[in-house]
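K.L.:
predicted model and sequence below, questions to follow.
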Amino acid sequence: MTAFRFIPPCSPIRAKEVPAGDDWLHEVKFDGYRVQVHNVGSRVIIYSRNGHDFTERFPSIAQLLHELPAKAAVLDGEVVASDADGRPNFARLQTRRYPPVGIRLACIQRPRSSAPAAGEAPGVPAGPVGALRLSLSEPFANGLALLRVAEQRSLEGIVSKRRDAPYRSGECRDWRKVKTVAWREANRERWRLFERG
C-alpha cells in the first residue's frame with residue numbers, strides 16, 4: 001500500500017428501531033467527527049468523512065497513530081472530545097480549546113466470541129480532560145438494552161451492524177443508527193439539519 005487515496009466510508013442508514021436477532025451487533029454511537037486515517041510508512045493522513053485533509057487539525061492524533069506497530073493501515077473512526085465526566089462533548093470538540101480525548105475505532109473485523117451480555121453498561125472511560133487515547137468500540141449483543149443505557153447517559157445513540165456483512169463504501173443497510181431521545185432534545189438544531197439532509 002503506497003497511496004493515500006481517500007475511501008468513501010460505510011455510512012449507516014437512519015432507523016427508528018433497533019434491529020433484532022443474532023445477526024446483529026451493536027455499538028455506542030459517539031458524538032464526534034468521523035475520520036479515516038491512513039498510516040503508511042512514516043506518514044499519517046487524517047481525512048474527514050467527506051475526504052478533506054484534517055491532519056493539521058488533529059496533529060496529536062496523527063502522532064499517536066504514527067506510533068502504531070503497523071507498516072500500513074486504514075482506520076475508520078470517530079474523533080471525540082469528552083467532558084470532565086467522560087461523556088462525549090461535541091461543542092468542546094468544535095471550540096478547539098481542548099485537544100480531543102481520542103479516536104474511537106469502529107469494530108469491523110469481529111471476534112468469534114460472543115458479544116457482551118445485554119444490560120451491561122457500555123464503557124465510556126472517564127479520564128483527565130485533554131488526555132489522548134485510542135480505543136475500540138465494544139460490540140454488544142442486545143441493542144435495546146444498549147440503547148436504554150445510552151439514553152440514560154444522554155449519549156448520541158447506537159449503531160447496529162450485521163455480524164457477517166463486509167465493509168462497503170456509501171450508504172449501507174447493513175449498518176443502522178438510532179439516535180436517543182435525550183440527544184435529539186439536547187441537539188434540536190443539529191437534528192433538524194440532519195433531517196433535512
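P.N.:
Done, it's in.
K.L.:
low-confidence ranges, the chain, go.
P.N.:
Along the chain, the model assigns pLDDT under 70 to residues 1-3, 96-131, 190-197.
K.L.:
show me what the host helix or strand of I13 is packed up against.
P.N.:
I13 belongs to strand 10-14 when elements are defined using DSSP states H and E. Strand 10-14 is packed against strand 157-162, strand 170-179, with contacts defined by 3 or more Cβ pairs under 8 Å, 6 or more residues apart in numbering; DSSP states H and E. No exception for glycine: its C-beta is placed from N, CA and C like everyone else's.
K.L.:
let's see that with 6 Å instead.
P.N.:
strand 170-179 (3 or more Cβ pairs under 6 Å, 6 or more residues apart in numbering; DSSP states H and E).
K.L.:
next helix or strand past the strand it packs on?
P.N.:
Following strand 170-179 in sequence, per DSSP H and E, is helix 181-186.
K.L.:
next, L68: secondary structure please.
P.N.:
coil (DSSP: H, G, I helix; E, B strand; the rest coil).
K.L.:
any idea how far S42 is from it?
P.N.:
For L68, the distance to S42 equals 12 Å [Cβ to Cβ, to the nearest Å].
K.L.:
neighbour count: the two, which is higher?
P.N.:
Ranked by neighbour count (other Cβ atoms under 10 Å), L68 and S42 place L68 first, with 13 against 6.
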